[in-house]
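Peer 1: Provided below are the primary sequence and the corresponding predicted coordinates.
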Amino acid sequence: MSKNKKNKYTSIGGQALIEGVMMRGPQNTAMAVRSPKGDIVVENVNCPLPSERPWIFKIPMLRGIYSFFDSMRVGSKTLMRSAELSGEADEEEELTPFEQKLNDIFGEKLFAAMMSLAMVIGVAIAVLLFFVVPTAAYTGLSFLFPVLKGNILLRSVFEGIFKIVMFVVYIFLCTRMKDMHRVFEYHGAEHKTIFCYEAKQELTVENVRRFRRFHPRCGTSFLIVMLIIGIVIGFCIQVEAVWLRTLIRLCCLPLVMGFGYEIIRFCGKHDNLLTKILSAPGIWMQHITTFEPSDDQIECAIAALKAVIPENTEGEIV
């Protein structure tokens, strides 16, 4: 579906969950999850509203940094809650000695503790794979092929492409997992439902299904844009040492977040040749991060979206 002047441009966004969808609107946040009994459980999520942000985080660039970490916090919170509502957290399995030790320490909060530990490990692995390994790989190649040494332009392009390839391969492997494949189907339901709302169509399964599943304001697009911006920033880092180059890249990460957010925000509010070009890499990537949803998955997305539609729709565009 293409946007036109009759469409509304909304600040509503969302995230796929375990057997459900979370939607964030200008006035509240809600999640809708399919329970083991088959009914849809809708819950409001307690998190700061966009209007409640500190004034400094409403400034362009800085608002992107805030939005990134806020989305991570709310996303992980709702992901854990969706696991509870869908019954994933209640599946009984024999605990390993390590898990039993954690159970003795955390008790009923064991699942949340395990999820938090997994997130910490995930961040550490991401830093290793996307910051250390690409730089170390090029340094290793430069020893084998001395002509590569000192070529900052080639180094930055190599590191950037290396990261993008790793990201694409990782996401593709995730799609081969049954549970993750369902999450990506809910991701498609989220996008299609938002498109239907933006087109001012009644939120029904039949209407939602007609819309495309690729949205320019998707988090996948944001990550791809960040990787591309990282290539450009790499041109300015005139150092060869792996540890120092990695440290500088980490320090530049807030800058990358800020630029990436502004680009995605701009693409979400405009429809022209420039935004189509800027959105293209993220849209291509969404071919493997979103799948066509089933009717019951669309119903969850509709329930979540209806729960966050503002009473005053004139004030929802930001």
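Peer 2: That came through, no problem. If you're wondering where the values come from, they're calculated on a predicted model, not measured in any experiment.

Peer 1: which residues does the helix or strand where residue 69 lies contact?
Peer 2: Here residue 69 is covered by helix 62-86, with elements defined by DSSP states H and E. Contacts of helix 62-86 from elsewhere in the structure, counted by CB atoms under 8 Å, 6 or more residues apart in numbering, are 15, 17-20, 22, 24, 29, 31, 33-36, 41, 43, 45, 47-48, 53, 56-57, 88-90, 111-112, 115-116, 119, 219, 254, 257-262, 265. (C-beta placed from N, C-alpha, C; glycine too.)

Peer 1: number of nearby residues for residue 277?
Peer 2: Residue 277 is surrounded by 10 other residues when neighbours are defined as other CB atoms under 10 Å.

Peer 1: can you confirm it is in a helix?
Peer 2: Yes - Residue 277 sits within a helix when classified using DSSP: H, G, I helix; E, B strand; the rest coil.

Peer 1: of the contacts of helix 62-86, which belong to strands?
Peer 2: In this view, the contacts of helix 62-86 that belong to strands under DSSP state E are 15, 17, 20, 22, 24, 29, 31, 33, 34, 41, 43, 45.

Peer 1: and the two most separated of the residues you listed?
Peer 2: Among the ones in strands among the contacts of helix 62-86, the pair separated by the greatest distance (CB to CB) is 24 and 34, at 19.7 Å.

Peer 1: does residue 172 touch residue 288 like I think?
Peer 2: Yes - under the contact definition of CB atoms under 8 Å, residue 172 touches residue 288, with a separation of 5.6 Å.

Peer 1: other SSEs contacting the longest helix anywhere in the chain?
Peer 2: Counting residues, the longest helix in the chain under DSSP state H turns out to be helix 242-269. Packed against helix 242-269, as judged by 3 or more CB pairs under 8 Å, 6 or more residues apart in numbering; DSSP states H and E, are the following elements: helix 62-86, helix 133-144, helix 219-234, helix 273-289.

Peer 1: any chance of those in TSV, plus distance to residue 158 and mean pLDDT?
Peer 2: As requested, the helices and strands packed on helix 242-269 are arranged in TSV below (distance: least, CB to CB, whole Å; pLDDT from 0 to 100):
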stretch	distance to residue 158	mean pLDDT
helix 62-86	26	90
helix 133-144	5	91
helix 219-234	9	89
helix 273-289	18	91
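
Peer 1: so of these, which one's packed in deepest?
Peer 2: Burial of the helices and strands packed on helix 242-269 is given as mean neighbour count (mean count of other CB atoms under 10 Å); helix 219-234 ranks first at a mean of 20.

Peer 1: and the residue nearest to residue 130 when sequence neighbours are not counted, how far from residue 246?
Peer 2: For residue 130, the nearest residue in space outside its immediate sequence neighbours is residue 163; the separation is 5.1 Å by CB to CB, 6 or more residues apart in numbering. Residue 163 sits 12 Å away from residue 246, going by CB to CB, to the nearest Å.
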